[in-house]
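1. next come a sequence and a model predicted from it.
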Amino acid sequence: MNKPFFKIHDNLFGPSLIDTLYGSFRDEKPWKFIGGGGPNLNHRKFKYVLNKEDEIDNILFKKADDIIKKENLFDSVELVSSYASGYLYGTLHDFHTDAAVQYDEVYTVMFYLNKIWEIPYAGETVFLNADNTEIEQAIIPKPGRALLFDGFITHAAREISRSCIELRMVATLKYRRKNV
């Protein structure tokens, strides 16, 4: 059986651009708090919908395009969703997939937007194995890092440590295979 598609891309942004992204998302974006909706009444997070007209957001759209091109997917996929999420200590994170039933293939590009992230902060993104019985990978939200993965992989953000006073921020862009 083939392993699902999963790639880590590190050092995508230099220190200055990491500062810019971090400052913009932490201090300037119009975050909305989403709590207790949908199938899970305990689900709570901050959310911001990315906008291609926004200069800072456009940096992420362009970098996601670069990643998709590097993996030879650019001509075969289309963007279907793009947003940022923020979590604080005490928020709950459910395991989920990014795939919708109507799509055969879905790819997710996820950028970590924090300027600093220390191991004691926890908040890893964990990915389960194919039968959802074991953690296959745990990824630290390292600044300048992005993940490209098969949207059918079950994953979740782990709870942040109470020692972390940061908003754990990620930007997520979801792509589906074009109907050819």
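-> Thanks, I have it. Values in this document were obtained by computation on a predicted structure and should not be read as measured data.
2. wait, doesn't residue 56 sit right on residue 20?
-> Yes - here residue 56 lies in contact with residue 20, judged by Cβ atoms under 8 Å, at a distance of 6.9 Å. Any C-beta I mention is one placed from the backbone N, CA and C, and that applies to glycine too.
3. got a list of what residue 168 touches?
-> Contacts for residue 168 (Cβ atoms under 8 Å, 6 or more residues apart in numbering) come out as 86, 87, 88, 114, 117, 121, 123, 141, 157, 160.
4. mind listing the residues bridging to it?
-> Following DSSP bridges, residue 168 is listed with bridge partners residue 87.
5. now do the helices in the chain.
-> Under the criterion DSSP state H, helices of the chain are mapped to 15-23, 55-70.
6. output the first one as CSV, nothing but the C-alphas.
-> Translated: helix 15-23. Provided in CSV are the C-alpha atoms of helix 15-23 (Å, rounded to 0.1, in the frame of the first residue of the first chain):
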residue,chain,number,x,y,z
PRO,A,15,13.4,36.4,9.3
SER,A,16,12.1,39.7,8.0
LEU,A,17,9.2,38.1,6.1
ILE,A,18,8.4,35.8,9.1
ASP,A,19,8.2,39.0,11.2
THR,A,20,5.9,40.7,8.7
LEU,A,21,3.6,37.7,8.4
TYR,A,22,3.5,37.2,12.2
GLY,A,23,2.8,40.9,12.9
